[in-house]
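*Asks:* would you be able to build a 3D model of this:
(one chain, ligands or ions: 1)
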Amino acid sequence: MKAIEIRNKYLNFFKNHGHVVIPSAPVVPENDPSVLFTTAGMQPLVPYLLGQKHPAGTRLTDFQKCVRTNDIDEVGDNRHLTYFEMLGNWSLGDYFKDESIAMSYEFLTKELGIAPEKLSVTCFAGDEDCERDNVSFEAWKRAGIPEERIYFFGKDDNWWIAGEEGPCGPDTEMFYDTGKPKCSENCNPSCSCGKYVEIWNNVFMEFYKDKNGYSKLEQKNVDTGLGLERMTMLLQGKETPFEIELFAPVMDKLKELQSVDNIESRRIIAEHLRSSMMIINDGARPSNVDRGYVLRRLLRRMTRHLSKLGIDLSKLPDIIDISISSLEELYPELNTNREQIKNVIIEEKDKFMRTLQNGEKEFEKVVSKTKNAGKTVIDTNIVFNLYETYGFPPEMTEELAKEQGLSVDLSDYQKLFKEHQDKSRMGMDQKFKGGLASSGEMETKYHTATHLLNAALKVVLGEHVHQKGSNITAERMRFDFSHGAKMTDEEKKKAEDLVNEYIKMDIPVEKMEMAKEDAINMGAEAMFLDKYGDVVTVYKIGDVSLELCGGPHVTSTGKLGHFKIKKEEASSAGVRRIKAILE
Ligand code: SER
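*Replies:* Here you go, the predicted model:
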């Protein structure tokens, strides 16, 4: 069974069980600079897990494009991926454990044809925050899993939360028995020896965790996640995801082109290329911060390993084409944006090659210094510095040193590297945490201010003004809109005054759900029309504004305080950008 068939079966199965299929959110979250990437199917659904009404109802299913980069340095082994697709189904206060477990069992055994004896499951053992999950235990027995293959574990294994704060709860996890022998008498699904592979996680989200501890959510939700690549691999009887149709053609091509054999390098190239393409396709570009930095790391690591295999970098466009051919059935957008994706990758490759050239000069200095000091070994710190500052991988430094009759001291390298890694990991955890908690009071106010500014600009500049982008943090808002000329001081003042007038009028902000067609007929503003489903959420602010939007918003404009434009500048051709604050 190919990945696309598994995805289709999944979505159809849940559709037949009353779920509405919703589109994948982009892997680069919109309007939310506090989150690096979409890391789970539940992430775009957080407001709805917390109780907001979803326009598509209480039973949802989708495939979600996900990027998790915490383990970027593990890629190359037989399982880690930075990009993966997560199939998911959600109950937003609808069904709970019994029905969720019955559906999972039916899907695995009937739709995918997995032999029941291949399945083991785990449930939450209970602690001071939440009771033992006997309901799931009974549901699994009823479904057909014998008691001896139902295990209980504590929070470390059977509790799910994204980051430190947010909706969470006990989960039940499904494992596939690969048939390998037990690694010890006590070998069980929580063991990492490779006998049991986790295939699906059903989280029973009825709690919310914050710094004060756990509290109950308004509604009991189910959030499930099934990794597409892993399932495809198991059903195809493969040992690693790199052998399935999404990677195999690139892996083969790399083997054909290489002059040095190294399977880890081939995996890194195939994986990082796919991940980078998905990230670029959803709008990020290489840079030195945040998402752009992660993308840069992925592309540079890929380039480095191409060189390591002795592959001529002029072959990169062909490798990209092969990767797109194996992925376009799942993601037709890669084909549509092929040229753009290629350009970004090749430009970054060229930049990296120039960086390496600069590093070589530094390396030469290191060599002469070492030799002049009468030493034959290059210090760990220097090796690490070459990596950190010039992107020189230690294995490359070692190779170059050898040519100069020198060796390298790597004794402390791992320690330095780990410190560096921990630092960047901490940064990422911070990001994720911030993201889920990011619809705070200020962000909510800025969301509403964005609608008011959009409306005011139409009055001041004309009806040609439409939103082209927006970016909100707790400190400020940024709003991009279509307009051909620099705004005059007078225009800026007028727009600012008008927004403040709307605020003073304390107009109620009404949220409505309606058919997309009706919303359009009513003249609602919408930035990306085809991204929404047939039923849309619309926010109406008196006669001032009507916009398609997921929210959140304040209940009336009087809550915003004083609006002030800080800056007006060009964003791109025909697009202006306003930075503004609420005081
Ligand atoms: N949120 C859970 C996970 O990411 C289930 O979807 O595993």
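*Asks:* pull the contacting residues for Leu49.
*Replies:* Met42, Trp90, Leu92, Pro167, Met205, Leu217, Asn221, Asp223 (Cβ atoms under 8 Å, 6 or more residues apart in numbering). For the C-beta atoms, the positions are set from N, CA and C on the backbone; glycine is no exception.
*Asks:* so the last one, which of the three states?
*Replies:* To tie it back to what came earlier, the one meant is Asp223. Classification of Asp223 using DSSP: H, G, I helix; E, B strand; the rest coil returns strand.
*Asks:* correct me, but it touches Val46?
*Replies:* No. The pair Asp223 / Val46 is not scored as a contact, 10.0 Å apart, by Cβ atoms under 8 Å.
*Asks:* and after the helix or strand where Lys418 lies, which helix or strand comes next?
*Replies:* Secondary structure from DSSP states H and E places Lys418 in helix 413-436. Next in sequence after helix 413-436, counting helices and strands by DSSP H and E, comes helix 441-461.
*Asks:* quick one: average confidence on the helix or strand that that following helix is followed by?
*Replies:* Toward the C-terminus, helix 441-461 is succeeded by strand 467-472 as the next helix or strand (DSSP H and E). If you average the pLDDT over strand 467-472, you get 85.
*Asks:* and strand 467-472 with helix 441-461, angle?
*Replies:* With axes from the mean of the first three to the mean of the last three Cα atoms, to 10 degrees defining the directions, strand 467-472 sits at 150 degrees from helix 441-461.
*Asks:* each with direction, which strands does strand 467-472 pair with?
*Replies:* Strand pairing for strand 467-472, determined by DSSP bridges: strand 477-482 (antiparallel).
*Asks:* list the buried residues in the partner strand.
*Replies:* For strand 477-482, the neighbour count (16 or more other Cβ atoms under 10 Å) marks Met477, Arg478, Phe479, Asp480, Phe481 as buried.
*Asks:* on the pLDDT front, check the second one for me.
*Replies:* Right, the one you point to is Arg478. 94.
*Asks:* which ones, among the contacts of Leu49, also lie beside the ligand?
*Replies:* Met42, Asp223 (Cβ under 6 Å from any ligand atom).
*Asks:* wait, which of the contacts of Leu49 is closest to Glu491?
*Replies:* Closest approach to Glu491 among the contacts of Leu49 (Cβ to Cβ): Met42, at 42.9 Å.
*Asks:* for the closest residue to Val544 other than its chain neighbours, give its distance to the ligand.
*Replies:* Nearest in space to Val544, with sequence neighbours left out and distances taken as Cβ to Cβ, 6 or more residues apart in numbering, is Ala455 at 4.9 Å. Separation of Ala455 from the ligand (Cβ to the nearest ligand atom, to the nearest Å): 37 Å.
*Asks:* what's the answer for Glu419, then?
*Replies:* 28 Å.
*Asks:* kindly report the same for Asp133.
*Replies:* For Asp133, the distance to the ligand - Cβ to the nearest ligand atom - is 16 Å.
*Asks:* how about Met353?
*Replies:* In this view, Met353 and the ligand are 37 Å apart by Cβ to the nearest ligand atom.
*Asks:* I'd assumed Leu313 was in contact with that residue.
*Replies:* Yes. Using Cβ under 8 Å, Met353 is in contact with Leu313, at 7.3 Å.
*Asks:* between the two, what contacts are shared?
*Replies:* Thr303.
*Asks:* centroid residue for the chain?
*Replies:* Centroid-nearest residue in the chain, with Cα atoms, centre = their mean: Thr38, separated by 2.4 Å.
*Asks:* surely that one forms part of a helix?
*Replies:* No. Counting by three-state DSSP, Thr38 is not part of a helix but coil.
*Asks:* hmm, it is touching Leu45, no?
*Replies:* No. Using Cβ under 8 Å, Thr38 is not in contact with Leu45, being 10.7 Å away.
*Asks:* am I right that Arg132 sits in a strand?
*Replies:* No. Assignment of Arg132 by three-state DSSP gives coil, placing it outside any strand.
*Asks:* look up how far Ala524 lies from Glu517.
*Replies:* 11 Å (Cβ to Cβ, to the nearest Å).
*Asks:* more crowded one of those two?
*Replies:* Using other Cβ atoms under 10 Å, the more surrounded residue of Glu517 and Ala524 is Ala524, with 21 against 10.
*Asks:* the more buried one: what's it in contact with?
*Replies:* Listed by Cβ under 8 Å, 6+ apart, the contact partners of Ala524 are Val536, Val538, Leu546, Glu547, Leu548.
*Asks:* quick check: Gly169 is in a strand.
*Replies:* Yes. Counting by three-state DSSP, Gly169 is located in a strand.
*Asks:* shaky segments in the stretch 101-250 of the chain?
*Replies:* Regions of the stretch 101-250 of the chain meeting the criterion pLDDT under 70 are absent.
*Asks:* what residues are up against the residue in it that the ligand sits nearest to?
*Replies:* Closest approach between the stretch 101-250 of the chain and the ligand, counting by Cβ to the nearest ligand atom: Gly225, at 2.5 Å. Contacts for Gly225 were tallied using Cβ under 8 Å, 6+ apart; they are Ala40, Gly41, Met42, Met86, Leu87, Gly88, Trp200, Asn201, Val203.
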